[in-house]
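**Q** Please find the sequence and the predicted model below.
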Amino acid sequence: MRAVSKDTVKKAFTATIPVMTGYLVLAIGFGILLKTKGYGVGWSIAMSGFIYAGSMQYLAIDLLCGGAGLLTTAVTTLMVNARHLFYGISMVERYQNTGKKKPYLIFALTDETYSLVCSEESVKGIKEPKEYYFLVSLFNQSYWVLGSIIGSLLGNIIPFNVEGIDFALTALFVTIFVEQWLTAKSHVPALIGVISSVVCLVIFGADSFLIPAMIVIVALLILQKELL
């Protein structure tokens, strides 16, 4: 097996530093919150290793504690992460011929990782682009797993008032939304998401609006694409 060049490792690590700063904070919050619900460091490692989906991991805590059924959990997971279906389609060509790494690359394609590997510009001047994709994915998940462990251990040592800590992820999404709004050429997809969510919230209530909202958003985005 050919060794990866130091230059590729350095570029991948440098590119993921901004993600590291955000992931560590969010994952520490997740680890602390999970620990306060009675789940130890082993659960933090397992969930960050096998689920590895920030928003879904936060939701999974409530699902675990609320005794949600398998069907509810499966449908919720699918709808919350439905956007990754579109990420995956756009990465089919880029992840061709990646061999044994392909399953992991597909699994580890988070929002932040996608933003680092989705464009040709991201690998400009890199001699080993496929190794770069793999390292970016691996570094990003490592930050999340490490933060989860730290949060869980801190939850053992220091008593925390966790009220509002799960709002950290909401704050991140608001920041991403504002950034996309300022840089996007078209605001139609954003408006579809906001309006659909508000309408479904009014109709179905705070406890049941998520899945209907996601279905409506996906349907309207597909319709918009067909009309254009």
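**A** That came in fine, so what should we check first? Numbers count the residues shown, from 1 in each chain.
**Q** contacts, neighbours, all on C-alpha from now
**A** Will do.
**Q** How is the chain divided into domains?
**A** Listed by automatic domain parsing, the domain ranges of the chain are 6-165, 184-228.
**Q** Just the element for the residue nearest to Tyr114 when sequence neighbours are not counted, please.
**A** Excluding the flanking residues, the one nearest Tyr114 by C-alpha to C-alpha, 6 or more residues apart in numbering is Tyr87, at 7.3 Å. Using DSSP states H and E, the secondary-structure element containing Tyr87 is helix 83-90.
**Q** following that helix, which helix or strand shows up next?
**A** With elements assigned by DSSP H and E, the helix or strand that comes after helix 83-90 is helix 102-107.
**Q** So which bits of that following helix are buried?
**A** Residues 105-106 are the ones in helix 102-107 that count as buried (16 or more other C-alpha atoms under 10 Å).
**Q** ok, now stretch 210-219?
**A** For stretch 210-219, by 16+ other C-alpha under 10 Å, it's 210-214, 216-218.
**Q** Sort these by pLDDT and name the bottom one.
**A** Lowest in pLDDT among these is Leu210, which has 71.
**Q** what about it, distance to Tyr23?
**A** Distance, Leu210 to Tyr23, by C-alpha to C-alpha, to the nearest Å: 24 Å.
**Q** And Leu221, by the same measure?
**A** In terms of C-alpha to C-alpha, Leu221 sits 29 Å off from Tyr23.
**Q** Among those two, which residue is more densely surrounded?
**A** When Leu221 and Tyr23 are compared for neighbours, Tyr23 comes out ahead with 23 against 15, by other C-alpha atoms under 10 Å.
**Q** Verify the stated contact: Ile149 with Ala46.
**A** No. Ile149 sits out of contact with Ala46 when judged by C-alpha atoms under 8 Å, with a separation of 10.2 Å.
**Q** which one of these two has more residues nearby?
**A** Neighbour tally, Ile149 and Ala46, criterion other C-alpha under 10 Å: the higher count belongs to Ile149, 25 against 13.
**Q** Tell me the buried residues in stretch 50-58?
**A** Going by neighbour count (16+ other C-alpha under 10 Å), the buried part of stretch 50-58 is 52-58.
**Q** How about stretch 219-228?
**A** Residues of stretch 219-228 classed as buried: Leu220 (neighbour count, 16+ other C-alpha under 10 Å).
**Q** Same check on stretch 21-37?
**A** Residues of stretch 21-37 classed as buried: 23-36 (neighbour count, 16+ other C-alpha under 10 Å).
**Q** Tabulate the buried residues of stretch 50-58 (a markdown table), appending pLDDT.
**A** Listed next are those as a markdown table, based on pLDDT from 0 to 100:
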| residue | pLDDT |
| --- | --- |
| Tyr52 | 90 |
| Ala53 | 85 |
| Gly54 | 78 |
| Ser55 | 78 |
| Met56 | 82 |
| Gln57 | 85 |
| Tyr58 | 82 |
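**Q** So which of those residues belong to helices?
**A** Of the positions in those, 54-58 sit in helices, assigned by DSSP state H.
**Q** in what helix or strand does Ile45 lie?
**A** Per DSSP H and E: helix 41-50 holds Ile45.
**Q** tell me what that helix is packed against?
**A** helix 6-36, helix 129-157 (3 or more C-alpha pairs under 8 Å, 6 or more residues apart in numbering; DSSP states H and E).
**Q** Could you look over those helices and pick the most buried one?
**A** Burial of the helices and strands packed on helix 41-50 is given as mean neighbour count (mean count of other C-alpha atoms under 10 Å); helix 129-157 ranks first at a mean of 22.
**Q** Correct me if wrong: Tyr95 contacts Lys102.
**A** Yes. Between Tyr95 and Lys102 there is a contact at 6.7 Å, judged by C-alpha under 8 Å.
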